[in-house]
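Visitor: heads up, no residue letters with this:
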């Protein structure tokens with residue numbers, strides 16, 4: 001089948017590459033000519049494990065193409081996926097201007113039946129809006145489908161090739177048959193395809209992400225309470241996760257959630273609720289708790305240094321909002337850097353993947369290290385902000401040799417208490433006992 005993907009951001013590029021891998025001919029459209037030219041030459045514009053191999057394979061196989069010409073791509077395709085940004089506005093609502101602008105263009109250029117698929121995360125009722133915009137421009141028959149993505153950054157290729165389920169929102173039998181054909185390689189292996197109306201499909205995505213954000217936030221509150229009463233959040237987490245009604249995923253405490261999905265989707269669903277006369281109190285509480293959780297360790301660092309961070313040098317390991325991505329949107333590292341700088345500390349950061357993106361925002365406000373250990377030179381404390389695998393088993397003797405101070409603040413609980421005891425380090429994590437006993441070094 002011939003398919004057009006409009007938008008080559010994270011969702012669009014992964015979706016387009018996956019659909020090409022399934023044997024379709026895919027045309028990826030983007031208005032950024034430089035980006036398109038780079039992709040034509042085999043340059044993947046985002047960091048995502050295992051994506052580059054699949055990307056190059058499908059270009060070489062003649063199944064994956066890139067263009068700035070929407071009309072050219074649409075004319076050759078029966079199905080058009082909209083994978084466009086829906087950033088939050090100042091009031092938290094999703095900005096649909098990109099989606100609706102492209103819908104209007106599609107209405108002006110189609111000459112035969114098309115299936116328009118909303119792949120972007122959009123509020124309930126967006127399919128109706130897209131339908132209205134296109135109908136105002138053409139009498140050519142078309143259908144609008146909601147087909148939300150459920151990709152985890154860092155695992156997107158795995159998730160795209162092994163989905164837990166496929167959600168298709170449509171009331172058109174013709175469109176449903178076409179979507180079933182696209183996803184047949186998955187359904188043949190037992191992956192369920194769940195058909196529903198467009199509005200239910202749109203809400204499914206928001207409800208899923210918001211529920212996971214609530215789950216993370218609840219676990220962070222449990223972790224904070226563990227510290228008050230002397231419980232160990234790791235043991236509580238294992239006890240909770242063994243209950244199959246709860247499950248063990250998204251129970252890891254830390255310095256809050258970030259990224260391109262959870263913060264945006266929680267805000268958008270809460271705003272959508274207000275617009276429809278409903279108040280999502282649990283989502284408002286989730287946002288509030290997450291905001292304070294992201295910077296919860298700064299006060300601990302401040303307390304450790306007697307309430308004054310002026311002149312202190314903090315080494316920061318990790319800038320991405322999570323491991324295995326270069327995405328720094330809503331990253332907790334940025335909130336902590338801002339607050340540490342405001343309190344008079346200096347920051348030297350290391351992240352081999354996300355550094356370039358942070359440089360675009362912070363420039364020379366902080367220093368950048370070439371590796372995780374050089375970041376420690378003369379540091380008064382180490383702050384771990386991202387759970388990169390390389391941080392999980394550091395050479396603690398080398399840390400002691402390079403650091404000026406002996407304090408570690410672990411915002412992702414990447415180190416175990418057994419690793420750190422009797423090493424001479426003060427060690428503060430989330431929801432676990434603080435290691436305060438020192439040995440002579």
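Guide: Now that the structure is in, tell me what you want to look at. Note that this is a predicted model, so its numbers are computed, not measured.

Visitor: and residue 300, what does it touch?
Guide: Each residue near residue 300 by CB atoms under 8 Å, 6 or more residues apart in numbering is listed here: 409, 428. (Each C-beta comes from the backbone N, C-alpha and C, glycine too.)

Visitor: Can you say which helix or strand has it in it?
Guide: Applying DSSP states H and E as the criterion places residue 300 in helix 296-304.

Visitor: Just the mean pLDDT for that helix, thanks.
Guide: Per-residue pLDDT over helix 296-304 has a mean of 97.

Visitor: The helix or strand where residue 408 lies pairs with which strands, parallel or anti?
Guide: Assigned by DSSP H and E, residue 408 falls within strand 407-410. Strand 407-410 has the following sheet partners, assigned by DSSP bridges: strand 381-384 (parallel), strand 426-428 (parallel).

Visitor: So what touches that strand?
Guide: 297, 300-301, 304, 380-384, 399, 415, 420, 425-430.

Visitor: Also stretch 149-163?
Guide: By CB under 8 Å, 6+ apart, stretch 149-163 touches 10-11, 14-15, 18, 21, 48-51, 54, 119, 121, 164-165, 167, 186, 191, 205, 208, 259-260, 322-325, 327.

Visitor: Among those, which ones are in helices?
Guide: 10, 11, 14, 15, 18, 21, 51, 54, 186, 205, 208 (DSSP state H).

Visitor: And the pLDDT at the residue nearest to the last one when sequence neighbours are not counted?
Guide: Counting by CB to CB, 6 or more residues apart in numbering, residue 208 lies nearest to residue 150, which is 6.9 Å off, once chain neighbours are set aside. Turning to residue 150, the model gives it a pLDDT of 92.

Visitor: Equivalent analysis for the one 3 residues further on, please.
Guide: Residue 153 carries a pLDDT score of 88 in this model.

Visitor: all strands of the stretch 1-150 of the chain, in order?
Guide: Assigned by DSSP state E, counting those that start in this stretch, the stretch 1-150 of the chain shows strands spanning 2-6, 25-29, 64-67, 79-82, 114-118, 142-146.

Visitor: Between the ones you listed, which one is closest to residue 172.
Guide: Residue 172 sits nearest to strand 142-146 of all these, at 4.3 Å, using CB to CB.

Visitor: Run through the neighbouring helices and strands of that closest one.
Guide: On a contact count with 3 or more CB pairs under 8 Å, 6 or more residues apart in numbering; DSSP states H and E, strand 142-146 meets strand 114-118, helix 126-135, strand 166-169, helix 173-182, helix 198-229.

Visitor: May I ask you to confirm that residue 430 is in contact with residue 413?
Guide: Yes. Counting by CB atoms under 8 Å, residue 413 is a contact partner of residue 430 at 5.6 Å.

Visitor: circling back: just checking, which helix or strand succeeds the helix holding residue 300 along the chain?
Guide: Assigned by DSSP H and E, the successor of helix 296-304 is strand 313-317.

Visitor: Give me the helices and strands touching that next one, please.
Guide: Packed next to strand 313-317, using 3+ CB pairs under 8 Å, 6+ apart, are helix 332-342, strand 346-350, strand 381-384.

Visitor: pLDDT of that strand, averaged?
Guide: 98.

Visitor: chain center to it: distance?
Guide: 24 Å (CA atoms, centre = their mean, to the nearest Å).

Visitor: go on, stretch 271-290?
Guide: For stretch 271-290, the distance to the chain centre is 20 Å (CA atoms, centre = their mean).

Visitor: which residues touch it?
Guide: With contacts defined as CB under 8 Å, 6+ apart, stretch 271-290 is touched by 91-94, 123-124, 206, 210, 213-214, 216-217, 220-221, 256-257, 263, 266-267, 269-270.

Visitor: what does stretch 311-318 give?
Guide: Residues outside stretch 311-318 that contact it (CB under 8 Å, 6+ apart): 301, 305, 333, 336-337, 340, 344-351, 354, 366, 369, 372, 375-376, 378-388, 391, 403-404, 412.

Visitor: Now, of these, which are buried?
Guide: 301, 305, 333, 336-337, 340, 345-351, 354, 366, 369, 372, 375-376, 379-388, 391, 403, 412 (16 or more other CB atoms under 10 Å).

Visitor: coming back round to it: need the helices and strands packed on strand 313-317 in TSV (columns: mean pLDDT and distance to residue 316).
Guide: TSV is the format used below for the helices and strands packed on strand 313-317 (pLDDT from 0 to 100; distance: least, CB to CB, whole Å):
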stretch	mean pLDDT	distance to residue 316
helix 332-342	98	6
strand 346-350	98	4
strand 381-384	98	5
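
Visitor: could I get these as JSON lines with distance to residue 178?
Guide: Below are these laid out as JSON lines (distance: least, CB to CB, whole Å):
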{"stretch": "helix 332-342", "distance to residue 178": "42"}
{"stretch": "strand 346-350", "distance to residue 178": "48"}
{"stretch": "strand 381-384", "distance to residue 178": "48"}
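
Visitor: For stretch 56-75, measure first residue to last.
Guide: 25 Å (CA to CA, to the nearest Å).

Visitor: what comes up buried for that stretch?
Guide: Buried positions in stretch 56-75, judged by neighbour count with 16+ other CB under 10 Å: 58, 59, 63, 64, 65, 66, 67, 70, 73, 74, 75.

Visitor: Hmm, residue 433 and residue 413 touching each other?
Guide: No. Between residue 413 and residue 433 there is no contact under CB under 8 Å: 11.9 Å.

Visitor: With neighbour numbers in mind, choose between those two.
Guide: Just comparing residue 413 and residue 433: by other CB atoms under 10 Å the higher neighbour count belongs to residue 413, 21 against 15.
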